[in-house]
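J.: Kindly return the folded structure for what I paste below:
(chains A, B and C)
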Amino acid sequence: MNSLGSLIVRRLAFAILTLFIISVLISVGVELLPGDLARSLLGQMATPETLAALRKELGLDQPYHIRYLAWLGDVFRWDLGRSLANNILVSELIGVRLENTLFLAAVAAVIAVPVSVILGLVAALYRESFFDKFVSMTTLTTISFPEFLVAYILMVIFSVQFPFFPSMANVTHDMAFWDRLHAVALPVMTLVLVVVAHMMRLTRAAIINVLSRPYIEMAELKGMSSAWIIVWHALPNSLAPIINVIVINIAYLVVGVVVVEVVFVYPGLGQLLVDSVSNRDLPVVQASGLIFAATFIFLNLTADILSILANPRLRHPK
Amino acid sequence: MIARLTRSFLKVPWSAQLGFVIIALNVIAFVFAPVLAPYPETQIIGRGWEPGFWAMDCSDEAVSQRGPCWSEFNTGRVEGKAWLGTDHLGRDLLTRLLYGARNTISIALLITGLSFFIGMTFGFLAATMRGWVDQLISRIVDIMMAYPTLIFALIILSVAGTSTLVLVLVIAILDSTRVFRLSRAVAMDIVVTEYVESARLRGEGLLWLMRREILPNTLPPLIAEFGLRFCFVFLFLSALSFLGLGLQPPMADWGSMVKENSGVITFGVYNALIPAFAIAFITIGVNLVVDWFLRKAAGLRDEY
Amino acid sequence: MTRLLTMTKLVIEGFQKDGWTTIVNGVDVHIDRGEVLGLIGESGAGKSTIGIASMGYCRAGCRIVGGSIVFDGMELTTASRRALRRIRGRRASYVAQSAAASFNPAHRLIRQYAEAPVRHGVLARIEAERNARAIYRRFNLPDPDRIGGRFPHQVSGGQLQRAMVAMAMACSPDLIVFDEPTTALDVTTQIEVLAAIKDAIKDLNSAAMYITHDLAVVSQVADRIMVLRHGDLVEEGRTKSLLASPRRSYTRALLSVRKGGGERVAHPEQGQRLLEVRDVSAAYVDGVPVLRQVNLEVTRSKTVALVGESGSGKSTLARVITGLLPPEAGHILFDGQDLRPRFFERSKEMLRRLQMIYQMPDVALNPRQKVQEILGRPLAFYFSMRGSEKQNRVSELLEQIELPDHYASRYPSELSGGEKQRIAIARALAARPDLIICDEVTSALDQLVAAEILKLLQRLQNELGVSYLFITHDLATVKVISDEIVVMLEGRVVEHGATNEVLEPPHHEYTEMLLASVPEMDPDWLDTLLATRVGALLREGERMHAPE
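T.: Reported below is the predicted structural model:
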């Protein structure tokens, strides 16, 4: 138990350290990059006076560590500053957007996870069969497609040619749950297709890797059926890699939706980030960057801890 | 020589043959773009979003026989003018596609090459030296990988601007973390073998160990990874261009072409899909070849 | 007795790089009820393939091309998967070479024991688990009532192997296939597993097929022995008569393999001190001590054998001497000079004089270099040889290791295991060393090949006057090659002296145990041993501990 506990604590500590370093990079490190932020915001025509004023407003005249601590304190109070573009509170701007992004990711995950695990299992079980080859060709193709192509193909089919779903996934706060689902149908389908392809391939690989182990041959020589071997012998041992694959893909769903959100003009965090990057709206970029980082690190940490727990050697030490 | 190549090409499974053909087509487009292109790179030859070979006859007579047209955009093509239609400014899409191949492929190759140079150097170094060097590099890479690549790139680009040089450096460095992980892992397997130990005990220097003992034995997985990373970089670059943050106009580039033409998809004008399919085409080609290569390297057990 | 299994004209092919090759070439095998058949042969003889084919099973990449397999009246080559499943695990069971790999790491031992009887509907789970505990007790497993609740990684190698023999007995099968069940174990551990196997066969009165490369081991359990080579049957006979009067020369070679060895001649420089290890202690990173105050001496043109089982620290000592692992205390002298603790602090000249040969020839040679590059590099590196001078020296080295000149242009993958080991020897010789450390150099090779390598090493010593530090777990090779023996246990030297002194009584208790565990070509050896005090200790799996 001791080694298990210390392993988990170590992972936790590393996650916190990573988050700390990334927060430093986001708050201060960004300004260390080439290019004067104030100048780039105001353009080449700016007078020295306006430049100095903006620097003061942004706090650029303070030393780095002071600025970082002040910023961190603000973040903990959920005070993320105001957007440079429209002077709205960043926390307000982000709140709804984050909720929308999480909704999209959650719906996609609920569909994609069981589908891909089952497909992966079946493909591994009937390896080299027609089904397996068909699925692996299809997923290989999907992986090779840029996300926007998948999105546009779905849009052409289900919105332009056969108008089942809206091409603009516009959701508002007062929408009923089913209306929301209807609105996000196309982005969800896009995400599911992309994520299932990845997850299914990796699930299949994880199971096939286990199926080549001597204890599987032993189980066959004990006269066990294929289904029993997959469920009792292979699955418990491929749990750790499968969990890893699932969580990493969920993480991808949260942060990787940027392109999909842009295609379907979905009011999510990714869309906001892209807009803010184009506008150089730094407070918004920093805040959404930090939220993405925290989500991503948290999910990776979950994957690490779950796969440690799924390992019998670590769960039952000598 | 040619006969031998043909013979070994015919022995390869059909999926990999297809992949090779696709790659060859892209190489030809890459090399001969100015010769193959029907028009100069930026010449405007007609209206915006003119249809290509799929153009429909929308005269009343045709409509009464076949049914309505998808969209008024799909009509009015001048015969033999633009086989793949025109873009939003009325430039020939095929021409733009051919020149775009040059830009996108060469930049993606440059990024992948740079990423491999960085990743493999540090990966081999970490595996050969072990100890604190390995710890330091590995932890830095862990931290870099704990952050989603796309967001990382967006934030850096937001500050440093979207010049091609910045783009190349940012993607190459971010991507090199994955190359580092793989090359460190495969080198680790080689470093512990007795032939490397024996070379160490002979007194060989670091460079000899990395170049002569480790590198030749890590090539197959790294070559396969090069293909996969190239696909990833290509898609990544296209996604950034699609978001307006990648290669900037007037450079012809497939991702930007999709972006420029995508606004009218909902009106039934699908010209934007052509560069998008071109992107898919090349990555499928590379993936098919890599898939075959990996199977071959893993032994022939799957193929009986 | 009635016939249980008949395999006639069995042909099995395996898929290799360039297509299907024959692994088993029309062999006839039959086993009567209650009979124990020994299958013996070197690697590539096809013995394991025949073993699992008796259960109608073929590994991935193999296929049964011809012949028939009849198990108790039922033809297995054409049987349905369902029918095969009813035989496997219930009427015929399998014991694999590595229990650590063949037990599922995710389940407790007793659940895996009960799996076959419960799933086949032979016994209820409670009954099966009660049987398991009884058999664990019969096999002298420690804490038999609770050991089944453990996971495979929580149990030692010898115990796990016994647990697997127990698992094979779960459905009281008619046939048990033992596939090299003791090959991966230390000699002293081998005894406890062999005793369990003998008990299992006796208790169930079942038939068994015992597959091994070790004639001495198989003669302890088998009623009848088949000698196989390259997929063909060489010779077949009752155990006693086959051992007493083998008809074929191949069998005779296998029988006499342990007696081999070359002639030794005295060398003029013999007797000068070359390597001195003084009070060396070492530990790995986690602080667990591996070597405790070890002393050792190697003199010129002599061979010192360092003997011990896995975990004794003998390979760690080699790492300390070569400078891969700096010692915590003590020092090492080479030809009177202090050896720096780390190899990269040593001079090129010092590195040249101390060379090493490894256990696994497969990973000791860079697969991407041709033989001439492998042998040419030390020549260029140490002696700055170039062009034809280098070429001539490579030819000379190939001649010394008895390989033809054209081997220079081959890659390691084009060589056999023994040839690879010869190249590794030549690579060491290329440096013109004073001392070669040989780390288990023969244990990965087939017995006949190993004997050739020992002869070669002896001849080279006679000619070149090089010294060997010969690390091994195998006392049989020690007798052949060494001038002096050092026995190690748990990081300490427990006995050392001239070869004949150490091998003659009185021994240190551990040396006695080691010597007693070496199987002999006498069918009664195991029973005789088990009747002695040392044998009883071995059977319990009792381990010796080094004196503090």
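J.: Show me the strands in the stretch 251-400 of chain C, by range?
T.: C:273-283, C:289-299, C:303-307, C:329-334, C:337-338, C:354-357 (DSSP state E, counting those that start in this stretch).
J.: For residue A:200, which of those is the nearest?
T.: Nearest to residue A:200, of all the strands of the stretch 251-400 of chain C, is strand C:289-299, at 46.3 Å by CB to CB. Using the backbone N, CA and C atoms, a C-beta is placed for each residue, glycine as well.
J.: Which elements pack onto the closest one?
T.: Applying 3 or more CB pairs under 8 Å, 6 or more residues apart in numbering or on different chains; DSSP states H and E, we find strand C:289-299 packed against strand C:273-283, strand C:303-307, helix C:314-322, strand C:329-334, strand C:467-472, strand C:492-498.
J.: and the residue in the stretch 51-200 of chain A that chain C sits nearest to, what does it touch?
T.: Nearest to chain C, among the residues of the stretch 51-200 of chain A, is residue A:127, at 10.2 Å (CB to the nearest CB). Taking CB atoms under 8 Å, 6 or more residues apart in numbering or on different chains, we find residue A:127 in contact with A:208, A:211.
J.: and what of residue C:153?
T.: A:312, A:313, A:316, A:318, C:100, C:105.
J.: and what of residue C:162?
T.: C:139, C:140, C:141, C:192, C:193, C:196.
J.: can you count the residues close to residue C:66?
T.: Here the number of neighbours of residue C:66 (other CB atoms under 10 Å in any protein chain shown) works out to 14.
J.: so can I have JSON lines of the helices and strands packed on strand C:289-299 showing distance to chain A, mean pLDDT and mean neighbour count?
T.: As requested, the helices and strands packed on strand C:289-299 are arranged in JSON lines below (distance: least, CB to the nearest CB, whole Å; pLDDT from 0 to 100; neighbours: other CB atoms under 10 Å in any protein chain shown):
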{"stretch": "strand C:273-283", "distance to chain A": "20", "mean pLDDT": "91", "mean neighbour count": "19"}
{"stretch": "strand C:303-307", "distance to chain A": "28", "mean pLDDT": "92", "mean neighbour count": "26"}
{"stretch": "helix C:314-322", "distance to chain A": "21", "mean pLDDT": "92", "mean neighbour count": "23"}
{"stretch": "strand C:329-334", "distance to chain A": "29", "mean pLDDT": "91", "mean neighbour count": "16"}
{"stretch": "strand C:467-472", "distance to chain A": "27", "mean pLDDT": "93", "mean neighbour count": "25"}
{"stretch": "strand C:492-498", "distance to chain A": "24", "mean pLDDT": "89", "mean neighbour count": "18"}
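J.: so what pLDDT did the residue of the stretch 51-200 of chain A closest to chain C get?
T.: Note on residue A:127: pLDDT of 78.
J.: Also residue B:178?
T.: 90.
J.: Check the gap between it and residue B:185 for me.
T.: The gap separating residue B:178 from residue B:185 is 11 Å, by CB to CB, to the nearest Å.
J.: more crowded one of the two?
T.: Higher neighbour count among residue B:178 and residue B:185: residue B:178, with 19 against 13, using other CB under 10 Å.
J.: these two touch, right, the more buried one and residue B:119?
T.: Yes - applying CB atoms under 8 Å, one finds residue B:178 in contact with residue B:119, separated by 7.1 Å.
J.: ok, then the element right after the helix or strand in which residue B:236 is found?
T.: Assessed by DSSP states H and E, residue B:236 sits inside helix B:215-242. Using DSSP H and E, the helix or strand that follows helix B:215-242 in sequence is helix B:254-261.
J.: Now residue C:282: closest residue in space that isn't a chain neighbour?
T.: Nearest non-adjacent residue to residue C:282, counting by CB to CB, 6 or more residues apart in numbering or on different chains: residue C:291, 4.2 Å away.
J.: The one you found and residue C:280: what is the separation?
T.: 6 Å.
J.: and for these two, which residues touch both?
T.: Joint contacts of residue C:291 and residue C:280 (CB under 8 Å, 6+ apart) are C:317, C:320, C:327.
J.: for those, which one is nearest residue C:484?
T.: residue C:317 (14.8 Å).
J.: Could you check how far the closest one is from residue C:290?
T.: 9 Å.
J.: likewise residue B:41?
T.: According to CB to CB, residue B:41 and residue C:290 sit 70 Å apart.
J.: neighbour-wise, which of these two wins?
T.: Higher neighbour count among residue B:41 and residue C:290: residue C:290, with 22 against 18, using other CB under 10 Å.
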